[in-house]
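okay, predicted coordinates and the sequence, questions at the end:
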Amino acid sequence: MARIILHCDLNCFYASVELLSRPELQNVPVAVCGDPEERHGVILAKNEPAKRFGVQTAETIWQARRKCPDLILLPPHHELYADYSKRVNAIYYEYTDLIEPFGIDESWLDMTGSLHLFGGDARVFADALRERVRRELGLTISVGVSFNKVFAKLGSDYKKPDATTVIPPDGWQKIVYPLPVGDLLFVGRAAGDVLGKYGIHTIGELAGCKVEMLEELLGKLGAQLHRYANGLDDSPVRAALAREPVKSVGNSTTFRRDLSKWDELRTGIALLSDSVAMRLRRHGLYCGGVQVGLRDNHFKNISRQKLLPHSTHLMKEIEGAALELLRDAWRAPTPVRLLSVTAIHLTDRQETFEQLDLLDASPAAQEKQEAVEGAMARIREKYGKDAIAYAKGAEDAAVKKRPSADRKGG
């Protein structure tokens, strides 16, 4: 029996939530954006009228305003978006416990075992679900219905806003094959450019390629995309208790002004390392490696990573490794716009990966640092995360730290 998978995508989510309290703006171009003074002046979301002017997510405000001079800009309210995301998923949970969020505004639902309880017709059910979300929350969703997750997502993207698209097990090629290859899940800009150079512009053309050729062009991703294009995705909808473990924990900071002095960068690394270490403790994890990224004033990105001799969640050890990587990656006095620190190769216990150097910190020193950072963690739990810190010097230059989404396996 074919599976019945739904992909539900909230339309223009951030903008739609903002307009719930600003109904007078429903029919005029509106965008949610970061603060230009904080150097996050990019479009985060836009409503349908703004889309019609060609306004795009992630473009700068000045680019959007060139297309739409009358564009109304609203500041983001992330806690509000998280609240509405929880409300929407709570509705989904009334129909199935097999729900896998894909970001804050999208979720897969596996209705294979429960659809018969709600009439048995997937299209009718999807239409009723859209109506309920609109009636109870004032938001609209587009729903794709298919026999696997990849095609369900294709369906939710196929027609927007507020629509249902069914891609059936029989005859799916008529809908899927003519679509641009970039519509397929995990075909990003880089992969799309590579495929385009070889004349592969549609999903049908991708499906007809030899898998060996795609592996040569894109590695393992090539074989995966070939399976997707041929309707062979069998990945499950992962319920909350079946989620894959966190694979990395990272934070990044975009600075209010470009930094070109080592002391400033070092303080930024300290703040980021402290935040990463806190989050590792919260997850009960240790990292076996550290990755550092920087973006200069010309938006050039540089990334370096290294393994550690033993796994750790100590801020001082993460900071030390990050500073070594930064020394290798940065050439003074190149101005730095953004820094990131990411803990990688995570485990749930301390492990030794290579023979310790005689000059490395002694076990006694590590135990002392563990005690210090453990005490700091308890103080923060009781009095708040700002109650105690290693460094404050970069707060003049640094914008609020942005946690990278904790990356999962797969």
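Yep, it's here.

count of residues packed around the residue nearest to Ile72 when sequence neighbours are not counted?
Leaving aside its chain neighbours, Ile72 sits nearest to Val30 (4.9 Å; criterion: Cβ to Cβ, 6 or more residues apart in numbering). Where C-beta positions appear, they are placed from N, C-alpha and C, glycine not excepted. Close neighbours of Val30, defined as other Cβ atoms under 10 Å, add up to 25.

try Leu10
Other residues within reach of Leu10, judged by other Cβ under 10 Å, total 25.

quick one: contacts for it?
Ser16, Ser85, Val88, Asp105, Glu106, Leu139, Thr140, Ile141 (Cβ atoms under 8 Å, 6 or more residues apart in numbering).

hmm, try it at 6 Å
Asp105, Leu139, Ile141 (Cβ atoms under 6 Å, 6 or more residues apart in numbering).

give me the beta-bridge partners of it?
Counting by DSSP bridges, Leu10 forms beta bridges with Ile141.

where does it land on pLDDT?
Predicted confidence (pLDDT) for Leu10: 97.

follow-up on the earlier one: tell me the spacing between the residue nearest to Ile72 and Leu73.
Distance of Val30 to Leu73, computed by Cβ to Cβ, to the nearest Å: 8 Å.

how about Ala207?
On the measure of Cβ to Cβ, Ala207 and Leu73 end up 42 Å apart.

so between these two, which is more surrounded?
Ala207 (21 against 17).

list the buried residues of the helix or strand where Glu216 lies.
Using DSSP states H and E, Glu216 sits in helix 211-218. For helix 211-218, the neighbour count (16 or more other Cβ atoms under 10 Å) marks Leu214, Leu217, Leu218 as buried.

and those, which is closest to Ile4?
Nearest to Ile4, judged by Cβ to Cβ, of the buried residues of helix 211-218 is Leu214 at 29.2 Å.

in this structure, which spans are strands?
Secondary structure of the chain (DSSP state E): strands located at 5-10, 30-33, 43-46, 72-74, 99-101, 106-110, 141-146, 164-166, 246-259, 286-296, 301-312, 336-347, 402-403, 407-408.

could you dump those to a markdown table with distance to Leu154?
Shown next, in a markdown table, are the strands of the chain (distance: least, Cβ to Cβ, whole Å):
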| stretch | distance to Leu154 |
| --- | --- |
| strand 5-10 | 8 |
| strand 30-33 | 26 |
| strand 43-46 | 22 |
| strand 72-74 | 31 |
| strand 99-101 | 16 |
| strand 106-110 | 12 |
| strand 141-146 | 6 |
| strand 164-166 | 8 |
| strand 246-259 | 26 |
| strand 286-296 | 32 |
| strand 301-312 | 30 |
| strand 336-347 | 31 |
| strand 402-403 | 30 |
| strand 407-408 | 22 |
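
mean pLDDT lowest where, among these?
Among the strands of the chain, strand 402-403 scores lowest, with a mean of 48.

roughly how far out does stretch 23-43 sit from the chain middle?
Distance of stretch 23-43 from the chain centroid (Cα atoms, centre = their mean, to the nearest Å) equals 20 Å.

what are the contacting residues of it?
Contacts for stretch 23-43 (Cβ under 6 Å, 6+ apart): 14-15, 18-19, 44-47, 49-50, 53, 55, 57-61, 64, 68, 71-74, 76, 254, 399.

buried set for that stretch?
Leu25, Pro29, Val30, Ala31, Val32, Cys33, Gly34, Arg39, His40, Val42, Ile43.

surely Lys160 and Ser142 touch.
Yes: counting by Cβ atoms under 6 Å, Ser142 is a contact partner of Lys160 at 4.7 Å.

give the residues shared as contacts by those two.
Residues touching both Lys160 and Ser142 (Cβ under 6 Å, 6+ apart): Asn11.

residue contacts, Met213?
Counted by Cβ under 6 Å, 6+ apart, Met213 has zero contacts.

same thing but at 10 Å, please
Tyr198, Ile200, Gly222, His226 (Cβ atoms under 10 Å, 6 or more residues apart in numbering).

what of Gly196?
Counting by Cβ under 10 Å, 6+ apart, Gly196 has contacts Pro180, Val181, Gly182.

that one and Pro168: what is the separation?
Gly196 is 29 Å from Pro168, by Cβ to Cβ.

helices of the stretch 51-200 of the chain, residue ranges please.
For the stretch 51-200 of the chain, the helices defined by DSSP state H, counting those that start in this stretch occupy 61-67, 78-92, 122-137, 149-158, 172-176, 189-197.
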